[in-house]
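Chemist: The following comprises the amino acid sequence and a computationally predicted model.
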Amino acid sequence: MKKLSARRRHPLAALVVLLFALAATGGLYAALAPQKAQAEDTSQQSLAIEQGKKLYSVGCSSCHGMAGQGTKTNGPSLVGVGSAAVDFQVGTGRMPAQQPGAQIPAKKVIYSQAEIDQLAAYIASLGPGPSIPTKDEYTPTSADSASRGGELFRTNCTQCHNYNGKGGALTNGKYAPALDGVSSKHMYEAMLTGPQSMPNFPDSTLTAQNKREIIAYLKATNSDNAASPGGLSLGSLGPVTEGLVGWVFGLGLLIVTAIWVAARTTKAKKS
């Protein structure tokens, strides 16, 4: 019996049993851990939505309705605008608006980024819409992005924002704001959501790469090191300021020259 028992107990038997136990434990953890993480993410998302609803009720519901359905006189519906629209509007201080108007200007931001994220989570829960882009989505990656972005910007944006994003007047008291000093994320969100008078540019119209290239162009042309090859930029407002300078100084110089020449004619000298 002893000889048979010894034959059954192989020296590696205990190690094999331990390995099987560890494998079983690891498999059990792998099966349960994702579910636990998913449950925690869902719980955090639910908490963010709940907190965002409270912030919305205090700061937004008077114009946009208690359920984001909008009102006839003050605010549009927010159902389906997505979290990106909230991050842009609230993150640039445009919302909450001080008063209704033809266009809501940017102003000092009154919410923290955490509160903005909570508001965005609540609005996103009302209906599907564009989500807040990640840093990888709005950060240019290639060296030639700015040159390609310049072509795209001049084709799609200069009609309102001018050739280098200095802005311009529109109809009925509206205007295209200047884009210098605007963060890359907010530029991307503006193209994605089309705030106020601006059309939106989904990925089917301008791809994510196209949007990054436009951002690269604006950052390059509005940087402190950007050169003005034409001399004085005159606010970079194009023919408006250039025409004004041409008429005031050019025509003024012609008048002064005409007076100077007339004062030195023979007839003028005799008199």
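Modeler: Sure thing, it's come through. Just so it is clear, the structure is predicted and the values come from calculations on it, not from any experiment.
Chemist: Is Gly52 in contact with Ile123, as I believe?
Modeler: Yes. Using C-beta atoms under 8 Å, Gly52 and Ile123 qualify as a contacting pair, with a distance of 7.4 Å. Quick note: C-beta positions are derived from backbone N, CA and C, even for glycine.
Chemist: If you count surrounding residues, which of the two has more?
Modeler: Ile123 (29 against 24; other C-beta atoms under 10 Å).
Chemist: In terms of secondary structure, what does the helix or strand harbouring the more buried one contact?
Modeler: Element membership of Ile123 [criterion: DSSP states H and E] is helix 113-126. Applying 3 or more C-beta pairs under 8 Å, 6 or more residues apart in numbering; DSSP states H and E, one finds that helix 113-126 contacts helix 13-59, helix 82-91.
Chemist: Comparing those by mean pLDDT, which bottoms out?
Modeler: Ranked by mean pLDDT, the helices and strands packed on helix 113-126 bottom out at helix 13-59, with a mean of 71.
Chemist: Following the chain onward from that helix, which element is next?
Modeler: In N-to-C order, the element after helix 13-59 by DSSP H and E is helix 61-64.
Chemist: Could you check that next one and say which residues are buried?
Modeler: For helix 61-64, the neighbour count (16 or more other C-beta atoms under 10 Å) marks Cys63, His64 as buried.
Chemist: Report the distance from that helix to the chain centre.
Modeler: 24 Å (C-alpha atoms, centre = their mean, to the nearest Å).
Chemist: same check, this time on stretch 156-173
Modeler: 17 Å.
Chemist: Endpoints of it, how far apart?
Modeler: In stretch 156-173, first residue to last residue: 22 Å (C-alpha to C-alpha, to the nearest Å).
Chemist: Give me the mean pLDDT for it.
Modeler: Here the average pLDDT along stretch 156-173 is 88.
Chemist: list the buried ones in that stretch?
Modeler: Asn156, Cys157, Thr158, Cys160, His161, Asn162, Asn164, Gly165, Lys166, Gly167, Gly168, Leu170.
Chemist: Tell me how many other residues crowd the closest residue to the fifth one other than its chain neighbours.
Modeler: Think His161. The shortest distance from His161 to any residue other than its chain neighbours is 4.7 Å, reached at Ala176 (C-beta to C-beta, 6 or more residues apart in numbering). Other residues within reach of Ala176 by the criterion other C-beta under 10 Å amount to 21.
Chemist: Ala176 contacts Gly168, doesn't it?
Modeler: Yes. Under the criterion of C-beta under 8 Å, Ala176 lies in contact with Gly168, with a separation of 5.2 Å.
Chemist: shared neighbours, these two?
Modeler: Cys160, His161, Asn162 (C-beta atoms under 8 Å, 6 or more residues apart in numbering).
Chemist: What's the separation between the second one and Val245?
Modeler: In this view, His161 and Val245 are 22 Å apart by C-beta to C-beta, to the nearest Å.
Chemist: And the closest residue to Cys63 other than its chain neighbours, how close does it get to Glu137?
Modeler: Nearest residue to Cys63, sequence neighbours excluded (C-beta to C-beta, 6+ apart): Gly75, at 3.4 Å. Applying C-beta to C-beta, the value for Gly75 to Glu137 is 28 Å.
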